[in-house]
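*Asks:* predicted model and sequence below, questions to follow.
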Amino acid sequence: MDAEEAADSEHRDEAKEQRGGRNAADVEADVQRAQQAAEHVVDDQREQEETAAKQEAGAEDEVGRAQFRSTDADLRTGAALSQAG
């Protein structure tokens, strides 16, 4: 085998590797990155939903307090009117 044939055989192996697919470790790393990215998306969505729920609950509490103050004031005004009348 001369130098040219040896070089050809090395390049032939490279071509087989490229055709045959990727290294299993590279594939595993890509799969893990994809899984982590998906987990981050799910975590972000969960955080957004929790934040929205907390904001909604806070708004409902505020409405409830406003309604209570309004009702309480109406009761006091009504009591004052009935005493005056």
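*Replies:* Everything's here; your move.
*Asks:* please count neighbours and contacts with C-alpha atoms only from this point.
*Replies:* Noted.
*Asks:* helix, strand or coil for A59?
*Replies:* When classified by DSSP: H, G, I helix; E, B strand; the rest coil, A59 comes out as helix.
*Asks:* one more: R22?
*Replies:* Classified using three-state DSSP, R22 is coil.
*Asks:* tell me the contacts of it?
*Replies:* With contact set as C-alpha atoms under 8 Å, 6 or more residues apart in numbering, R22 has no partners.
*Asks:* need the pLDDT of it.
*Replies:* Looking at R22, its pLDDT stands at 80.
*Asks:* can we start the residue count at 55 from this point?
*Replies:* Got it, the first residue is 55 from now on, which makes the last one we talked about R76.
*Asks:* quick check: it vs Q89, distance?
*Replies:* According to C-alpha to C-alpha, to the nearest Å, R76 stands 19 Å off from Q89.
*Asks:* swap in A113?
*Replies:* 36 Å.
*Asks:* same check on E114?
*Replies:* 37 Å.
*Asks:* and if you look at E116?
*Replies:* 40 Å.
*Asks:* likewise G75?
*Replies:* Between G75 and Q89 the distance, using C-alpha to C-alpha, works out to 21 Å.
*Asks:* show me which of those two is the more surrounded one.
*Replies:* Neighbour count, other C-alpha atoms under 10 Å: between G75 and Q89, Q89 has more, with 12 against 9.
*Asks:* host element of that one?
*Replies:* Using DSSP states H and E, Q89 falls within helix 78-138.
*Asks:* how about residues contacting stretch 87-97?
*Replies:* Counting by C-alpha under 8 Å, 6+ apart, no residue outside stretch 87-97 touches it.
*Asks:* mean confidence for that stretch?
*Replies:* Stretch 87-97 carries an average pLDDT of 97.
*Asks:* so where's this structure uncertain?
*Replies:* The model of the chain has pLDDT under 70 over residues 55-74, 125-139.
*Asks:* now do 50
*Replies:* For the chain, no stretch has pLDDT under 50.
*Asks:* ok, now how distant is Q86 from V95?
*Replies:* According to C-alpha to C-alpha, Q86 stands 14 Å off from V95.
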